[in-house]
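**Q** need a 3D model of the sequence below.
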Amino acid sequence: MTDTPLPRLRLRVHFGPTMLGPGKADLLELINQTGSISAAGRAMKMSYKRAWTLVDEMNSAYTAPLVISARGGPDGGGAYLSETGHAVLSHYRTMMERVEAATETDIAALTALLAPK
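**A** Residues are numbered from 1 along each chain as shown. Got it, this is the predicted structure:
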C-alpha cells in the first residue's frame with residue numbers, strides 16, 4: 001500500500017469576473033439538502049457571511065437567482081434552489097463526471113509515475 005493520496009480533479013469554469021467551481025457547487029448542493037444557507041455554510045466550515053457572499057455572487061451572475069431565500073420569522077427562514085440553480089448544479093456535476101471519465105487513464109499513468117513517499 002502507498003502513502004500517496006488519491007488524485008483528484010478540481011474543475012473551475014471561469015466566466016469573466018465570476019467562476020463556478022467545486023466549492024460553489026458543494027454549497028448549492030448543501031443548500032438544496034439542508035434548506036438553509038447558514039446550515040450549508042456550517043457544513044462547509046465557512047462563516048455565514050462567506051456563504052451569503054457566495055450565494056449573492058452566484059445569484060448576480062446568472063439570468064435568474066440560483067438560490068431563493070426567505071428571512072426568519074414565525075415559520076422560520078429557509079433557502080432552496082431555483083430551477084436555474086438546479087440546472088447550474090446539474091450541468092456542473094455532469095461536466096465533472098465527464099472530465100473524470102475522460103482523464104481516468106491519464107490520471108492512472110501520472111499516478112504510476114509518482115515517486116514513493
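
**Q** am I right that residue 19 sits in a strand?
**A** Yes - according to DSSP: H, G, I helix; E, B strand; the rest coil, residue 19 belongs to a strand.

**Q** any idea which element the residue nearest the centre of the chain lies in?
**A** Geometric centre of the chain, nearest residue: residue 25, 1.6 Å, by CA atoms, centre = their mean. Here residue 25 sits within helix 22-34, counting by DSSP states H and E.

**Q** equivalent analysis for residue 68, please.
**A** Assessed by DSSP H and E, residue 68 sits inside strand 67-70.

**Q** now do that strand: distance to the chain's middle.
**A** Its chain's average C-alpha position is 17 Å from that of strand 67-70, according to CA atoms, centre = their mean, to the nearest Å.

**Q** my guess is residue 85 meets residue 63, correct?
**A** No - using CB atoms under 8 Å as the test, residue 85 is too far from residue 63 to be in contact (11.8 Å). The way it works is simple: take the backbone N, C-alpha and C, and place the C-beta from them, glycine included.

**Q** okay, these two: which has more neighbours?
**A** residue 85 (23 against 5; other CB atoms under 10 Å).

**Q** related to what we said a few turns ago, so how far is the helix holding residue 25 from its chain's centroid?
**A** On CA atoms, centre = their mean, the centre of helix 22-34 falls 5 Å from the chain's centre.

**Q** list the buried residues of that helix.
**A** 24, 25, 27, 28, 29, 30, 31, 32, 34 (16 or more other CB atoms under 10 Å).

**Q** so which of the residues you listed is the closest to residue 100?
**A** For those, the closest approach to residue 100 (CB to CB) belongs to residue 25, at 13.8 Å.

**Q** where are the low-confidence patches of the chain?
**A** 1-4, 72-76 (pLDDT under 70).

**Q** one more time with 80
**A** Scanning the chain for pLDDT under 80 picks out the ranges 1-6, 71-77, 117.

**Q** that one: strands as residue ranges?
**A** 13-15, 18-20, 67-70, 78-81 (DSSP state E).
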